[in-house]
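Chemist: quick one: sequence and predicted model below, then my questions.
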Amino acid sequence: MSRRTLPRLQNFFLALLVGGIALQAQTPQPESGILLVSLIDRPVGRETYSIRQEGDGIAFTSDLDLTERGQRLQISSSLRAGADLTPTEFTVKGKSYRFVNVDAAVKVAGGMATVTNLGETKTFEAPRRFFTAQSYAPLSARALLIRYWERQGRPATIAVLPGPRDVRITLRGTDPIVTGGRPQMLRRFDVDGVIWGRETVWLDDEDRLAAIVSRIHILPIEAVREDLKAATPVLQSWSIADRVSDLASQLRDIAPLAQNNFAISGAKLVDGSGRPPVEDAVVVVKDGRIAAAGGRASITIPSGMRVLDARGATIAPGLWDMHAHAAQIEWLPAYLAAGVTTFRDMGGEQPFLTAIRDAIASGRGLGPRVLLAGLVDGDAAGAFGAVVAATPDQGRAIVDRYKSAGFNQMKLYSLLQPDVVSAITARAHELGMNVTGHVPTALGLTKAVEAGMDQVAHLPINGDPQSPQTRATIELLAKKKIVFDPTLPWNELLGHAPGITLESFEPGFAHAPPALLSNYRSIKNDTDAATAKRRVRESATMVKALFDAGVPIVAGTDGALPGYSLLRSIEMYVDAGMTPMQAIESATRIAAESMGLATETGMIEPGKRADLIVLNADPLAQISNIRKLRWVVVNGRVLEPAKLWAAAGFK
């Protein structure tokens, strides 16, 4: 960058920042482009778009074509808008994720908006300021949204249709890059609410979209203009830095009721050991650790220590989600708000995951403890993520890289070949890591266990649990203590019958963020109610058979509805025949033991981390009381759920 060029760019952006150039209501010039799209750092397709003048306004079209784990996803979008970029007509149709259907239209005339979304039509007075988008589509139109926001004087919120839902846009900074020998300064924005949570969007010096970091449902995607492809890693790093900064802000903004040194007195204590609960108990916390726990008569509270009155409540260990995909920071307050104080992420973008893990562990951010499983798939078409291994040597090298980055486990995926699986598991065990994940298709469950898998995701075992073949498989799993996270809430959610409301089996959907709720409402299948119930019942029967045989069962969700689905997992274990105590242990002590952390956490006893939940009612009497959270204590910090849910975008 020359000394002459830099001042000109700086002056140009100063004008933008004070609202000069950006607020001029000039019709955009004709424009077209291609965005390269990646998912978990793996190229998966592209979006092509064009903008042309149409009368006094514009006409925008976009076509997105992705292949995600072998499934083709296509979305077509069109938008017409006036000279000030106020939309008059919008359509979007296609599939934005494996089960997320998009089919919406917006028409605005005479101050009235007619919105059709997934076959339901509503007409209402159009908001004073509004724009259009559905799911993450169209990615390229995010630049038009930001231009519209600037021309409206940068209001605190912009309504987005379908919805309407409020979207907040914030200018976060400017980033210098050089492409093709040409220096550029990109403006970096947060766009919060088009999808669930924050996106990072960059515009160039002509207000064209340069790149976007977003989500394809709950997994991370990026789209970058062809000429900026080489800059993707540095753009990601700037986005991550913003998210870590946001975590620090949440830490400041969500004040604890108490922290580090306090006592909780008068509650029933369920310590996670399986022992009978203790009535009228006291838990003493010093320096973020449990110093004492037991009946009031046996515990001395230090003089002058703050005491939280918990009479009528129940104290239990903090909960674990053993199958998370936390691709955005909004997961963190949502988990805490549900009582989840530890989660294991089962595959995402390493730079983001390690950054949030380290920010929380160092006390620079607010969230549950983060454990990481390193995702690796076979090197074949349809692979999941960018980390793939075709040979044993490649597999061993990948294990070494994950170990160096502080990952706790390896996660296998479906396309790995048998010799590579054996190499990965052997190297992981040499380094003190265990191995979880999908059962590779080339092996099957029994051979995968024999090849060294220690844990298994989902429920890759079916049939009659009493049949000789299935019984033999269960006996092998029990003998080797293979840990299962069956992800029952995920299966229930994706397999529910049309006409069955989401809230009928997961009441948390009544509070879900609009964009996330819309994704789940779009699920289409031809399952009838009786078949859906039968499948849930069969899965529950298999889980109970595994449990009765001595197979360790932990609670996990595969994402689903953040926070709430972990609670649903515990409820479903009780429905399957576990006692409430056993179901709670699956999400506390058993989970900690499966990760080799039982000396550190998972129970309420002296010396362990102060990770607790305080419930307003007894979950041993009625397991649904696990939802009645009064306080969550994470690493010695006592928090109220309401502010946490709000920080996650829930009602």
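Modeler: Here it is on my side, so go on.
Chemist: how far does stretch 135-151 sit from the chain's center?
Modeler: In this view, stretch 135-151 has its centroid 23 Å away from the chain centroid, taken as C-alpha atoms, centre = their mean, to the nearest Å.
Chemist: quick one: the helices in the stretch 401-550 of the chain, in order.
Modeler: Per DSSP state H, counting those that start in this stretch, the stretch 401-550 of the chain carries helices over the ranges 418-430, 445-450, 468-479, 488-494, 502-505, 514-521, 529-549.
Chemist: mean confidence score for the second one?
Modeler: Translated: helix 445-450. Averaging pLDDT along helix 445-450 gives 98.
Chemist: show me what it is packed up against.
Modeler: Helices and strands touching helix 445-450, by 3 or more C-beta pairs under 8 Å, 6 or more residues apart in numbering; DSSP states H and E, are strand 455-457, helix 468-479. Every residue, glycine included, has its C-beta placed from N, CA and C.
Chemist: which one's the longest strand in the protein?
Modeler: strand 165-179 (DSSP state E).
Chemist: the inter-axis angle of that strand versus helix 514-521?
Modeler: With axes from the mean of the first three to the mean of the last three C-alpha atoms, to 10 degrees applied, the angle from strand 165-179 to helix 514-521 works out at 100 degrees.
Chemist: quick one: buried residues of the helix or strand following strand 165-179?
Modeler: Remark: after strand 165-179, the chain's next helix or strand is strand 182-192, criterion DSSP states H and E. Buried residues in strand 182-192, defined by neighbour count with 16 or more other C-beta atoms under 10 Å: 184, 185, 186, 187, 188, 189, 190, 191, 192.
Chemist: output the residues you listed as JSON lines; include the columns distance to residue 66 and pLDDT.
Modeler: Below are the buried residues of strand 182-192 laid out as JSON lines (distance: C-beta to C-beta, whole Å; pLDDT from 0 to 100):
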{"residue": "184", "distance to residue 66": "27", "pLDDT": "89"}
{"residue": "185", "distance to residue 66": "30", "pLDDT": "95"}
{"residue": "186", "distance to residue 66": "24", "pLDDT": "97"}
{"residue": "187", "distance to residue 66": "27", "pLDDT": "98"}
{"residue": "188", "distance to residue 66": "24", "pLDDT": "98"}
{"residue": "189", "distance to residue 66": "24", "pLDDT": "98"}
{"residue": "190", "distance to residue 66": "24", "pLDDT": "98"}
{"residue": "191", "distance to residue 66": "20", "pLDDT": "98"}
{"residue": "192", "distance to residue 66": "24", "pLDDT": "98"}
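Chemist: identify, from the residues you listed, the entry nearest to residue 82.
Modeler: residue 191 (21.4 Å; C-beta to C-beta).
Chemist: show me the contacts for that closest one.
Modeler: 142, 145, 146, 167, 168, 169, 198, 199, 200, 201 (C-beta atoms under 8 Å, 6 or more residues apart in numbering).
Chemist: re earlier: report the two of the buried residues of strand 182-192 separated the most.
Modeler: 184 and 192 (25.0 Å).
Chemist: which one of the helices of the stretch 401-550 of the chain lies nearest to residue 156?
Modeler: helix 514-521 (17.5 Å).
Chemist: and that closest one, what does it pack against?
Modeler: Helix 514-521 packs on helix 502-505, going by 3+ C-beta pairs under 8 Å, 6+ apart.
Chemist: could you name the helices and strands sitting against the helix it packs on?
Modeler: helix 514-521.
Chemist: if we go to 6 Å?
Modeler: With contacts defined as 3 or more C-beta pairs under 6 Å, 6 or more residues apart in numbering; DSSP states H and E, helix 502-505 has no helix or strand neighbours.
Chemist: check the burial of residue 504 by counting its neighbours.
Modeler: Other residues lying near residue 504 total 9 when counted by other C-beta atoms under 10 Å.
Chemist: cool, and the one 3 residues further on?
Modeler: Look at residue 507: counted by other C-beta under 10 Å, it has 15 neighbours.
Chemist: show me where the stretch 551-651 of the chain has strands.
Modeler: 612-615, 629-634, 637-639 (DSSP state E, counting those that start in this stretch).
Chemist: just the buried positions in the second one, please.
Modeler: Neighbour-count burial for strand 629-634, counted by 16+ other C-beta under 10 Å, picks out 629, 630, 631, 632, 633, 634.
Chemist: show residues contacting it.
Modeler: Outside strand 629-634, the residues within contact range by C-beta atoms under 6 Å, 6 or more residues apart in numbering are 313, 336, 339, 341, 610-614, 616, 638-639, 641.
Chemist: who's in contact with residue 393?
Modeler: Going by C-beta under 6 Å, 6+ apart, the list of residues near residue 393 is empty.
Chemist: surely it forms part of a helix?
Modeler: Yes: with DSSP: H, G, I helix; E, B strand; the rest coil as the criterion, residue 393 is part of a helix.
Chemist: which intervals of the chain have sub-threshold pLDDT?
Modeler: 1-28 (pLDDT under 70).
Chemist: closest to the centroid, which residue in it?
Modeler: The centre of the chain sits closest to residue 326, judged by C-alpha atoms, centre = their mean, with a distance of 3.3 Å.
Chemist: setting the sequence-adjacent residues aside, check what's closest to residue 576.
Modeler: Spatial nearest neighbour of residue 576, excluding adjacent residues (C-beta to C-beta, 6 or more residues apart in numbering): residue 540 at 3.7 Å.
Chemist: measure how buried that neighbour is and give me the count.
Modeler: 20.
Chemist: quick one: it from residue 489, how far?
Modeler: The spacing between residue 540 and residue 489, counted by C-beta to C-beta, to the nearest Å, is 12 Å.
Chemist: I'd say residue 47 and residue 64 touch.
Modeler: Yes: the criterion here is C-beta atoms under 6 Å, and residue 47 meets it with residue 64 at 4.4 Å.
Chemist: all strands for the stretch 51-200 of the chain, in order.
Modeler: 57-68, 71-81, 87-95, 101-109, 112-117, 120-125, 130-132, 158-161, 165-179, 182-192, 198-203.
Chemist: between those strands, which gets nearest to residue 511?
Modeler: Among the strands of the stretch 51-200 of the chain, strand 165-179 sits nearest to residue 511 (C-beta to C-beta), with 14.2 Å.
Chemist: pull out the buried positions in that closest one.
Modeler: Buried-residue list, strand 165-179, by 16+ other C-beta under 10 Å: 165, 167, 169, 171, 172, 174, 175, 177.
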